[in-house]
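Visitor: Sequence first, then the predicted structure, then my questions.
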Amino acid sequence: MEKYRRKESRFSLCGLNCCLCSRYNTAGASECPGCGGENFENQHPSCSVITCNKKHDTVEYCFECSNYPCKRYNNLGGKDSFISYRRIQENLESAKKNIDLYIKELSIREQILGNLLE
């Protein structure tokens, strides 16, 4: 995969709050830089969402795509065992309403998590 860089790697293209993910907040080989962060392509060499994005509108967030919401988002529910994935649809909808406010709120959540992890 060619290098994929984003302005905001803490909130992913697909709606994942990367900065709240356990892999983002760990050190070592399993550490993830967040969506489109440094060395992202080494951690996620075949991200299907990025591939889809490149085939369509090449947007910063899926909610900006002319095909959103697509079949990828039709059956999302709170069933994923990885807790960071449970609110993707809600995250995208909140960000779609006001991305700047969403990023500010996400920064607060990230700071609270950082305090708890300390």
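Guide: Now that the structure is in, tell me what you want to look at.
Visitor: For the rest of this, base every contact and every neighbour count on C-alpha atoms.
Guide: Will do.
Visitor: pLDDT score assigned to S30?
Guide: S30 is assigned a pLDDT of 85 by the prediction.
Visitor: and if you look at D57?
Guide: 88.
Visitor: I'd like the distance between it and E93.
Guide: 18 Å (C-alpha to C-alpha, to the nearest Å).
Visitor: next one: Q111
Guide: 22 Å.
Visitor: separation between the closest residue in space to S84 that isn't next to it in sequence and Y102?
Guide: Sequence neighbours aside, C21 is the residue nearest to S84 in space, at 5.8 Å (criterion: C-alpha to C-alpha, 6 or more residues apart in numbering). Going from C21 to Y102 by C-alpha to C-alpha gives 17 Å.
Visitor: before we move on, what about I50?
Guide: Per C-alpha to C-alpha, I50 is found 21 Å from Y102.
Visitor: Likewise for L16?
Guide: According to C-alpha to C-alpha, L16 stands 12 Å off from Y102.
Visitor: ok, and what's touching the longest helix along the chain?
Guide: Assignment by DSSP state H gives helix 99-117 as the longest helix of the chain. By C-alpha atoms under 8 Å, 6 or more residues apart in numbering, the surrounding residues in contact with helix 99-117 are F11, N17, C19, L20, S94, A95.
Visitor: measure the third one to E8 for me?
Guide: Just to be clear, that refers to C19. 10 Å.
Visitor: quick one: which of those two has more around it?
Guide: Ranked by neighbour count (other C-alpha atoms under 10 Å), C19 and E8 place C19 first, with 25 against 16.
Visitor: just checking, the more buried one touches T26?
Guide: No: C19 lies out of contact with T26 (C-alpha atoms under 8 Å); the separation is 10.6 Å.
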